[in-house]
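Asks: Give me the fold of what follows.
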Amino acid sequence: MRRDGKAGSRGAGKPVIDGVFDQFIADQAGRIVPRTLEKYKNVLDLLRHHLNGYGHDALTSTERKVFEDHFNAEGEAHRDFCQIFGPEKILPNLSMFLSYFMVRKVIAGQDLLRAAGTVTKKLSRWLGEKGYVSVDVASEGAEKGAEAGRDLPRAERAARILYEAMQKSAVDPTELSEEDFLDFDHFTISKLRTGQLWLTNFEGGKEQALGPIAVPSKATELLQEGWDVGCALGRVRGKWRLVEVGNIYPG
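Replies: Numbers count the residues shown, from 1 in each chain. Purely as a prediction, here's the structure:
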């Protein structure tokens, strides 16, 4: 893979994402210990993977043509997203990286989830300091990173608590009638109380509210309204319960 920081579509002297990431790491190398620097590299590798896989989804028609021409080229002419576009494309993709990619696509523990927030926060500020993005855009990106550093580990812990509680439940979804079972979907937390949560989703084009659903109080201490929960629900004696639990996505 070419990592020289240049791409034919941007012309000489115009940095591409790969080169900017390398510059960021080089700048941090003298400020942080080697172990921490490795965490930074790991997070940037994941962000690069996300951008190369999904960054093209938000391109304009003109940009998509540029992307396809380079991406579909063979041999030495082939370029990935991070070898085609510049640093202005990093922060607009940050929300999806933090709220979706790190949750669903990466098997990440608490330490890596926290590092993802820390690194993207510092990267955002650094991009602003270097003039690659405006101060306002950099500030917004840094805020997203700070929120992720706080919320991603909380969401992971809450998902684990809910899963363990669900595993102890005696509810067998195969024994529920069709009207008492809602298949696995993404539900939004609309309300929280200690040991209870309310979920909403759209069924037949209409919003439906479900709850209260009894859950461990330790989970509701971590969760926030507006977060999405991947789960399936079963109604037992008139009350909805979690019968399958997946990931939780901070809003």
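Asks: When you work out contacts or count neighbours from here on, use the C-alpha atoms and nothing else.
Replies: Will do.
Asks: Give me the mean pLDDT for the lengthiest helix in the chain.
Replies: Secondary structure of the chain per DSSP state H: the longest helix is helix 135-168. Summarised as a single mean, pLDDT over helix 135-168 is 96.
Asks: Please apply the same query to stretch 189-206.
Replies: Mean predicted confidence for stretch 189-206 is 91.
Asks: contacts for it?
Replies: Applying CA atoms under 8 Å, 6 or more residues apart in numbering, the external contacts of stretch 189-206 come out as 186-188, 207-221, 224-229.
Asks: List the ones among those that fall in strands.
Replies: 186-188, 207-214, 228-229 (DSSP state E).
Asks: Would you reformat those as a markdown table and include distance to Pro92?
Replies: Shown next, in a markdown table, are the ones in strands among the contacts of stretch 189-206 (distance: CA to CA, whole Å):
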| residue | distance to Pro92 |
| --- | --- |
| His186 | 23 |
| Phe187 | 25 |
| Thr188 | 23 |
| Glu207 | 29 |
| Gln208 | 32 |
| Ala209 | 32 |
| Leu210 | 33 |
| Gly211 | 35 |
| Pro212 | 36 |
| Ile213 | 36 |
| Ala214 | 37 |
| Asp228 | 21 |
| Val229 | 24 |
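Asks: Derive a PyMOL selection command for the buried subset of the residues you listed.
Replies: Applying 16 or more other CA atoms under 10 Å to the ones in strands among the contacts of stretch 189-206, the buried members can be selected in PyMOL as follows:
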select buried, resi 186+187+188+209+210+211+212+213+214+228+229
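Asks: now, the most widely separated pair of the ones in strands among the contacts of stretch 189-206?
Replies: Based on CA to CA, the longest span within the ones in strands among the contacts of stretch 189-206 runs between Glu207 and Ala214 and measures 20.9 Å.
Asks: quick one on the thing from earlier: from the ones in strands among the contacts of stretch 189-206, pick the one nearest Pro250.
Replies: Asp228 (6.5 Å).
Asks: if you skip the residues just before and after it, what's nearest to the closest one?
Replies: Counting by CA to CA, 6 or more residues apart in numbering, Thr188 is the residue found nearest to Asp228 once chain neighbours are left out, at 4.4 Å.
Asks: Quick one: residues contacting the one you found.
Replies: The contact partners of Thr188, by CA under 8 Å, 6+ apart, come to 199-201, 225-229.
Asks: Would you confirm that Lys122 contacts Gly141?
Replies: No - applying CA atoms under 8 Å, one finds Lys122 not in contact with Gly141, separated by 9.1 Å.
Asks: Which one's more surrounded, these two?
Replies: Regarding Lys122 and Gly141, a neighbour count based on other CA atoms under 10 Å identifies Gly141 as having more, with 26 against 19.
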